[in-house]
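Trainee: any chance you can model this:
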Amino acid sequence: MKLFKSLLIAPATLGLLAPFTAIAGEANVDEISKYSNLESIELSNSFLNDVSNGEPLIAGGEGLVEDFSPAGGFSETTTASFSVDAAIGAIDGDTTTEAVTAYYGFNIGLSTSFTGEDSLDIAIDSGSDSRPTAANPFDYDTGAALSVDGVTYSFPVGGISMVTGFDTDISASFTGACSYSAFSDYMSDCGTGNSIGVGGNGVTATGSYAFDSGFSVAAGLSSTSDSTVGLLTDAGTDTYGIEAAYTADSWGVAVAYVSTDNAAKDETTLWGINGTYSFELADLSVGYETSETSGTDSNGYFVGLTFPEVGPGSVSVGAATAGNFASNATEYMVYEASYSYPVNDGITVTPGVIIQETAGDDLTAIFVKSSFAF
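Mentor: Numbering: from 1, shown residues only. Here you go, the predicted structure:
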């Protein structure tokens with residue numbers, strides 16, 4: 001099969017990455033040390049009379065200048081996190097999709113607190129928010145420019161945890177009950193990505209309240225933010241969602257209702273339910289979602305098992321519909337199996353296989369995903 005011929009290319013490609021690790025550790029210390037004697041260089045003396053304006057050019061770079069005043073500097077309560085996800089593999093089946101492919105996604109998260117109980121979070125990434133495809137089951141957006149993916153402010157109001165922001169998901173306050181470790185995006189949120197994992201479409205306000213018994217409720221509203229379309233108008237897209245969840249020691253269940261007016265189009269309503277139960281050897285996760293638009297009902301479902309302790313890592317096996325399908329439409333399934341293991345605290349490698357039914361030949365994809373957090 002062409003698949004296995006193509007796979008020969010993948011190790012060779014991965015081998016090209018090896019020199020980068022060597023380069024990172026081969027800095028020429030002797031050459032760098034020459035720059036430490038700037039006092040003897042006339043150029044350095046031209047900066048001696050400069051007065052700092054209290055505004056560093058590089059956030060977090062206060063350690064580069066001795067006795068630098070913190071005024072205008074990087075806040076001590078601000079943290080930054082970075083992550084890179086990459087995948088390389090081969091797809092066999094439909095001749096229009098068959099290929100060796102590679103994808104990546106890059107994410108930056110900035111977070112700061114002003115009271116110790118609140119949090120201002122900014123997400124910057126090059127990821128995509130569309131549905132996964134047969135050629136790109138991870139929904140990575142390779143080569144796209146970085147963009148602000150959301151600005152969110154979280155704060156407590158009494159016992160309610162509030163979340164407000166721009167391009168923020170309504171489900172940011174939802175609890176959910178999915179313990180499955182998804183390999184492809186088809187399995188994300190246990191197949192309830194449009195309801196329990198509902199996103200946002202502009203200005204969003206959402207909140208949740210957790211009872212001591214393990215029961216929680218959450219609700220949120222998101223409305224189009226545009227200079228030509230006002231908030232909560234017939235011309236804009238408004239979405240609201242409600243979720244109730246219960247979490248116990250070994251099991252949990254969550255139910256959500258979502259309604260979207262689709263601007264001038266017909267309204268779409270969705271119900272989603274997912275649940276999890278932990279056995280001695282594995283965790284079982286299930287999900288079901290149904291949507292209705294213009295009198296047409298569509299349904300999708302998911303079931304998966306995660307074995308948390310298999311050698312140094314964990315094994316996940318799942319099956320799901322490739323979306324929600326109407327009762328009179330042909331339903332296509334997706335199956336996956338993966339093994340995820342942490343190389344160290346910052347690197348996780350996950351090889352896996354995906355089988356997807358299509359109108360033509362079924363597709364078989366073998367990928368290796370690498371996730372880096374720093």
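Trainee: when you work out contacts or count neighbours from here on, use the C-alpha atoms and nothing else.
Mentor: Noted.
Trainee: residue 154 versus residue 209, what's the distance?
Mentor: 13 Å (Cα to Cα, to the nearest Å).
Trainee: hey, what's in contact with both of those two?
Mentor: residue 161 (Cα atoms under 8 Å, 6 or more residues apart in numbering).
Trainee: just give the nearest non-adjacent residue to residue 346, would you?
Mentor: Excluding the flanking residues, the one nearest residue 346 by Cα to Cα, 6 or more residues apart in numbering is residue 373, at 4.9 Å.
Trainee: find me the pLDDT at the one you found, would you?
Mentor: At residue 373, the model reports a pLDDT of 94.
Trainee: same question, residue 205
Mentor: Residue 205 is given a pLDDT of 95.
Trainee: state the distance from it to residue 177.
Mentor: Separation of residue 205 from residue 177 (Cα to Cα) stands at 22 Å.
Trainee: got it, and residue 89?
Mentor: Distance from residue 89 to residue 177, by Cα to Cα: 31 Å.
Trainee: same check on residue 325?
Mentor: Counting by Cα to Cα, the gap from residue 325 to residue 177 is 23 Å.
Trainee: so which of these two has more stuff around it?
Mentor: Counted by other Cα atoms under 10 Å, residue 325 and residue 177 do not tie: residue 177 has more neighbours, with 25 against 19.
Trainee: now do the contacts for that one.
Mentor: 245, 247, 252-254, 274-276.
Trainee: beta partners for the nearest residue to residue 347 once chain neighbours are set aside?
Mentor: With sequence-adjacent residues excluded and distances taken as Cα to Cα, 6+ apart, residue 347 is closest to residue 372, at 4.7 Å. Here residue 372 shows beta-bridge partners residue 84, residue 347, assigned using DSSP bridges.
Trainee: quick check: residue 372 vs residue 86, distance?
Mentor: 9 Å.
Trainee: if we can go back for a sec, tally of neighbours for the residue nearest to residue 346?
Mentor: When neighbours are counted by other Cα under 10 Å, residue 373 registers 13.
Trainee: do the same with residue 344
Mentor: 9.
Trainee: tell me how far it lies from residue 372.
Mentor: 10 Å.
Trainee: next one: residue 205
Mentor: 31 Å.
Trainee: more neighbours: which of the two?
Mentor: A count of neighbours by other Cα under 10 Å puts residue 205 above the other of residue 205 and residue 372, at 25 against 16.
Trainee: ok, what's across the strand from that one?
Mentor: Beta-bridge partners, per DSSP bridges, of residue 205: residue 164, residue 221.
Trainee: residues contacting the residue nearest to residue 346?
Mentor: Here residue 373 is in contact with 81-84, 346-347 (Cα under 8 Å, 6+ apart).
Trainee: list only those of those residues flagged as buried.
Mentor: Neighbour counting by 16 or more other Cα atoms under 10 Å classes 83-84, 347 among those as buried.
Trainee: just the closest of the residues you listed to residue 358, please.
Mentor: Comparing those against residue 358 with Cα to Cα places residue 84 closest, at 30.1 Å.
Trainee: how much space is there between that closest one and residue 368?
Mentor: 14 Å.
Trainee: and residue 77, what element?
Mentor: Using DSSP states H and E, residue 77 sits in no helix or strand.
Trainee: do you know how far it is from residue 318?
Mentor: Separation of residue 77 from residue 318 (Cα to Cα): 40 Å.
Trainee: check residue 162 too.
Mentor: 34 Å.
Trainee: between these two, which one's more packed in?
Mentor: Neighbour count, other Cα under 10 Å: between residue 162 and residue 318, residue 318 has more, with 26 against 22.
Trainee: how about that one, what does it touch?
Mentor: 187, 302-305, 335-337.
Trainee: surely residue 189 is in a helix?
Mentor: Yes. Under DSSP: H, G, I helix; E, B strand; the rest coil, residue 189 sits within a helix.
Trainee: tell me how many other residues crowd it.
Mentor: 25.
Trainee: quick one: contacts for it?
Mentor: Per Cα under 8 Å, 6+ apart, neighbours of residue 189: 176, 178, 196-197.
Trainee: from those, pick the one nearest residue 117.
Mentor: Nearest to residue 117, judged by Cα to Cα, of those is residue 176 at 22.9 Å.
Trainee: what sits closest to the closest one if chain neighbours are left out?
Mentor: In space, residue 176 is closest to residue 254, 5.3 Å off (Cα to Cα, 6+ apart).
Trainee: helices and strands around the helix or strand that contains that neighbour, which ones?
Mentor: Taking DSSP H and E as the criterion, residue 254 maps to strand 251-260. When contacts are defined as 3 or more Cα pairs under 8 Å, 6 or more residues apart in numbering; DSSP states H and E, strand 251-260 packs onto strand 238-247, strand 268-278.
Trainee: in a markdown table, list those strands along with mean neighbour count.
Mentor: Shown next, in a markdown table, are the helices and strands packed on strand 251-260 (neighbours: other Cα atoms under 10 Å):
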| stretch | mean neighbour count |
| --- | --- |
| strand 238-247 | 23 |
| strand 268-278 | 23 |
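Trainee: please report how far residue 216 lies from residue 270.
Mentor: 20 Å.
Trainee: next, give phi and psi for residue 267.
Mentor: phi -70, psi 150 (degrees, to the nearest 10).
Trainee: helix, strand or coil for the residue lying closest to residue 338 once chain neighbours are set aside?
Mentor: In space, and not counting its chain neighbours, residue 338 is closest to residue 352: 3.9 Å by Cα to Cα, 6+ apart. Secondary structure, three-state DSSP: residue 352 is strand.
Trainee: what's across from residue 352 in the sheet?
Mentor: Where residue 352 sits in a bridge, its partners, by DSSP bridges, are residue 338, residue 367.
Trainee: residue 336 is in contact with that one, correct?
Mentor: Yes. Residue 352 sits in contact with residue 336 when judged by Cα atoms under 8 Å, with a separation of 7.2 Å.
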